[in-house]
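Chemist: just coords:
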């Protein structure tokens, strides 16, 4: 039982590594919490510092979701431990213990968890996101819609109900963290991709 708890805890600690903040510090760039939207995530890093820093932040956030799941699978943990480890990594990104519990919105880390759990889940999320981007050209709306549909993808692809429960909680957390974007969307003010607005 102790090893199960340890794996879940490691998932949270992995998730708590705020990649965007570390990347900006190493590259001697302004802390993403102090500019743009104030969100320590890849999108805000792109807005503030350009593609290179944003790509590194994005890759780091995806890996935070992938590595804990792969570790749990390599140790042949039961499904409930794998699912909780993914949830813990996601919550670590949202509320990182190393950075005052002020984290990002969770899109990239959710994608990492989904890919590592079942590659078709990750592909389904990304495919939905891309389709919504092509239709609406709004990244936040695309992420929200893809997250809302993810529990249905999970129910379809994975038999153990613990995955549906944990991934539904992750989807709800992602939507909650996008509440400021939802307000902008309702007001018609959220930026479209490719626009010149910040």
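Modeler: Done, it's in. Since this is a predicted model, take the numbers as computed values, not measurements.
Chemist: quick one: secondary structure of residue 40?
Modeler: Using DSSP: H, G, I helix; E, B strand; the rest coil, the secondary structure recorded for residue 40 is coil.
Chemist: Am I right that it is in contact with residue 105?
Modeler: No. When contacts are counted by CB atoms under 8 Å, residue 40 is not listed as touching residue 105 (9.5 Å). Any C-beta I mention is one placed from the backbone N, CA and C, and that applies to glycine too.
Chemist: Is residue 29 within a helix or a strand, and which one?
Modeler: If you go by DSSP states H and E, residue 29 is not part of any helix or strand.
Chemist: For it, which non-adjacent residue is spatially closest?
Modeler: residue 49 (4.8 Å; CB to CB, 6 or more residues apart in numbering).
Chemist: likewise residue 105?
Modeler: By the measure of CB to CB, 6+ apart, the closest residue to residue 105 outside its immediate chain neighbours is residue 177, 4.2 Å from it.
Chemist: That neighbour: what's it in contact with?
Modeler: Residue 177 makes contacts with 94, 104, 105, 106, as judged by CB atoms under 8 Å, 6 or more residues apart in numbering.
Chemist: Kindly tell me how buried the second one is, as a neighbour count.
Modeler: Applying the criterion other CB atoms under 10 Å, we find 25 residues in the vicinity of residue 104.
Chemist: What of the third one?
Modeler: When counting by other CB under 10 Å, one arrives at 28 neighbours for residue 105.
Chemist: show me what contacts it?
Modeler: Residues in contact with residue 105, defined by CB under 8 Å, 6+ apart, are 39, 41, 94, 143, 174, 177, 178.
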